[in-house]
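Chemist: only the shape, not the letters, is given here:
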């Protein structure tokens, strides 16, 4: 397809860094102080040259083909602040990263417009949201392969990577993490993790290199989309231990590429199994990597997005 000129706000850095691998020009608006959505080329990733920063007050001067919104603020406020009237009528995609925050089945999506293509990141999300009149697609995650980073499992403990774990509380499984870390050696990484005894946030390459030394990856999150951190850990070759919620039971096969259950006692026992049996952890981690490469490959992700772009601009 032809190369498109796409405006997209910086909302989720890990996801955006994958999205801009597609062969299009992505314009990232910036503001002084880099407030929410205006962070441009984030500092913890290596960005390709087609991720182009543009001052927010210059966006009106751009010739664009497509707008991607990712939050209600993008759609209901930012569009009206930085886009021209003509640009606001351009083909628009709303990329929904999250599960419904209200009632899990009866929450109406904030965007209800047949002219907007609503892209969900998991089939579970599309199932749960009331997407109204919007046309919908599912584009599952990807993770950029890091050939130089592979699992060693030399540390007999697990790693948890969640941003804002305390702030997101029960949704992100703060209480689950607290309960399990008292029974199993676990390290926590991610934004704001230092305030609750974690190791902090790291640039992407360093984060994955650190993860590779842990015996397993534990995901305590109760209710969210499939965490991109899980997919990234699988690509590195870590076996996954996780709650059997949202999309995860379709990704983790218990005893094959990790362990998945809503029984914390069961999960704790399996964590100790992985700590005490490095060879088993290595086998499950190799299976996790194979799952990630097959289901969450970058080429599939780009093909899916190109199909969505084609639908949006041709509708």
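Modeler: Structure received. Predicted model, so just to flag it, every value in this text is computed and none were measured. Numbers count the residues shown, from 1 in each chain.
Chemist: residue 132 contacts residue 109, doesn't it?
Modeler: Yes - the criterion here is C-beta atoms under 8 Å, and residue 132 meets it with residue 109 at 5.9 Å. The C-beta positions use only the backbone N, C-alpha and C, and glycine is treated the same way.
Chemist: tell me which of these two has more neighbours.
Modeler: Legend: neighbour count by other C-beta atoms under 10 Å for residue 132 and residue 109, higher for residue 109 (20 against 15).
Chemist: measure that one to residue 126 for me?
Modeler: 10 Å (C-beta to C-beta, to the nearest Å).
Chemist: and if you look at residue 286?
Modeler: From residue 286 to residue 126 the distance is 31 Å (C-beta to C-beta).
Chemist: just residue 314 next, same as before
Modeler: Residue 314 is 22 Å from residue 126, by C-beta to C-beta.
Chemist: the more surrounded of those two?
Modeler: residue 126 (16 against 8).
Chemist: which residues does the more buried one contact?
Modeler: By C-beta atoms under 8 Å, 6 or more residues apart in numbering, the contact set of residue 126 is 120, 136, 138.
Chemist: ok, now residue 100?
Modeler: 107, 128-129.
Chemist: quick one, which of the residues you listed are buried?
Modeler: 128-129 (16 or more other C-beta atoms under 10 Å).
Chemist: give the contact list for residue 208.
Modeler: 146, 149, 232, 236.
Chemist: the last one and residue 212 touch, don't they?
Modeler: Which is residue 236. Yes - counting by C-beta under 8 Å, residue 236 sits close enough to residue 212 to count as a contact (5.2 Å).
Chemist: find the residues that touch each one of the two.
Modeler: Jointly contacting residue 236 and residue 212 under the rule C-beta under 8 Å, 6+ apart are 149-151.
Chemist: can you pick the most crowded of those residues?
Modeler: Counting by other C-beta under 10 Å, top hit in these: residue 151 with 23 neighbours.
Chemist: how close does it sit to residue 290?
Modeler: Counting by C-beta to C-beta, the gap from residue 151 to residue 290 is 13 Å.
Chemist: quick one, strands of the stretch 101-250 of the chain?
Modeler: Under the criterion DSSP state E, counting those that start in this stretch, strands of the stretch 101-250 of the chain are mapped to 116-120, 135-138, 155-161, 186-189, 214-219, 240-242.
Chemist: and those: which comes nearest residue 173?
Modeler: strand 214-219 (7.9 Å; C-beta to C-beta).
Chemist: what does that closest one contact?
Modeler: Contact partners of strand 214-219, identified using C-beta under 8 Å, 6+ apart, comprise 153, 155-162, 173, 180, 184, 186-187, 211, 227, 229-230, 233-234, 238-243, 248, 258, 267, 271, 274-275, 278, 281, 285.
Chemist: swap the cut-off to 7 Å and go again
Modeler: Outside of strand 214-219, the residues that reach it under the criterion C-beta atoms under 7 Å, 6 or more residues apart in numbering are 153, 155-160, 180, 186, 211, 227, 230, 233, 238-243, 271, 274-275, 278, 281.
Chemist: now do stretch 137-144
Modeler: By C-beta under 7 Å, 6+ apart, the list of residues contacting stretch 137-144 from outside reads 18, 21, 117, 119-123, 126, 226, 228, 231-232, 235, 292, 295-298, 301, 304-305, 308.
Chemist: tell me the one of the contacts of residue 100 nearest residue 11?
Modeler: Ranked by distance to residue 11 (C-beta to C-beta), these are led by residue 129 at 17.4 Å.
Chemist: ok so, going back, export the contacts of residue 126 as TSV, with columns for pLDDT, distance to residue 79 and neighbour count.
Modeler: Listed next are the contacts of residue 126 as TSV, based on pLDDT from 0 to 100; distance: C-beta to C-beta, whole Å; neighbours: other C-beta atoms under 10 Å:
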residue	pLDDT	distance to residue 79	neighbour count
120	98	20	25
136	98	20	17
138	98	24	15
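Chemist: now those in CSV, with distance to residue 53?
Modeler: Below are the contacts of residue 126 laid out as CSV (distance: C-beta to C-beta, whole Å):
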residue, distance to residue 53
120, 28
136, 31
138, 30
